[in-house]
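Chemist: build me a model from this:
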Amino acid sequence: MQGVKERNTIIIEKPIKQETLCYHCGTPCITNNIAIEKKIFCCEGCKLVYEILNENGLCDYYKIQSHPGLSQIKPIRNDKYAYLDNEDIAKQLYKFTDGTHVIVSFYMPGVHCSSCMWLLEHLHKLNNGVTESRLNFTSKEITIHFLKNKITIRQVVELLTTIGYEPYISLDDTSKKKVKN
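Modeler: Numbers count the residues shown, from 1 in each chain. A predicted model of the protein is given here:
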């Protein structure tokens, strides 16, 4: 620190503390303790998403824009989606099934940028039970094709939630739809 005298006033220069931003979501970090190598995260959720992406070779996600992750990643209760294990309920969400292949669509309120789209359209790299995923960015609706013997609808929803994209699920809306076999 250095004092500078200016017209009978002494100005004390203070070092500027640089704020550390979360590598994943860009939120200011209150600690530097949540880190992998030199990458600092604001919470365990952002660190987990980074680990999932890194383990599956999906870190190109971070080249799309700086800090593309969502800051509202929250841990999920273990039983939150247990109701989806009930096949009668699960069938209400199917747009198509032949007993092996299933197609479902979910409204994704957390979608906000091209990074979201990129990540959601690469779900097959996170779980090989997902064979295809396409996001309609305008309507914020994702259509997911998956193999029932490799992943359940509950696991699909939990995967989406874990990476920060909790789908809106309303069984009231399903009463209008018929499943195509």
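
Chemist: C-alpha coordinates for the helix or strand in which Val102 is found, PDB please?
Modeler: Using DSSP states H and E, the element containing Val102 is strand 101-107. Extracted as PDB, the C-alpha positions of strand 101-107 are listed here (Å, rounded to 0.1, in the frame of the first residue of the first chain):
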ATOM      1  CA  HIS A 101     -38.100 -47.900 -26.900                       C
ATOM      2  CA  VAL A 102     -39.800 -44.900 -25.200                       C
ATOM      3  CA  ILE A 103     -40.300 -41.300 -26.300                       C
ATOM      4  CA  VAL A 104     -41.100 -38.700 -23.700                       C
ATOM      5  CA  SER A 105     -41.300 -34.900 -23.800                       C
ATOM      6  CA  PHE A 106     -40.800 -32.500 -21.000                       C
ATOM      7  CA  TYR A 107     -41.200 -28.700 -20.500                       C
END
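
Chemist: continuing past that strand, what's the next helix or strand?
Modeler: Moving toward the C-terminus from strand 101-107, the next helix or strand (DSSP H and E) is helix 114-120.

Chemist: show me what counts as buried in that next one.
Modeler: 115-120 (16 or more other CB atoms under 10 Å). From N, CA and C alone the C-beta is placed, and that goes for glycine too.

Chemist: show me what that helix is packed against.
Modeler: The elements that helix 114-120 packs onto, with contact taken as 3 or more CB pairs under 8 Å, 6 or more residues apart in numbering; DSSP states H and E, are helix 61-64, strand 130-136.

Chemist: do you have the helices of this structure handy? List them.
Modeler: 44-55, 61-64, 87-93, 114-120, 123-126, 153-162, 171-174 (DSSP state H).

Chemist: those: which one's closest to Gln18?
Modeler: Nearest to Gln18, of all the helices of the chain, is helix 44-55, at 19.2 Å by CB to CB.

Chemist: which residues belonging to the closest one are considered buried?
Modeler: Taking 16+ other CB under 10 Å as the criterion, helix 44-55 shows 45-50, 52-53 as buried.

Chemist: again, but for stretch 126-145
Modeler: 126, 129-131, 133, 135, 140-142, 144-145.

Chemist: so what sits opposite Leu147 in the bridge?
Modeler: His101 (DSSP bridges).

Chemist: and it, how many neighbours?
Modeler: Leu147 has 14 neighbours, counted by other CB atoms under 10 Å.

Chemist: so, low pLDDT: which residues of the chain?
Modeler: When residues are selected by pLDDT under 70, those of the chain lie in 1-17, 45, 64-76, 173-181.

Chemist: can you report phi and psi for Ser139?
Modeler: Backbone geometry at Ser139, expressed as degrees, to the nearest 10, gives phi -90, psi -10.
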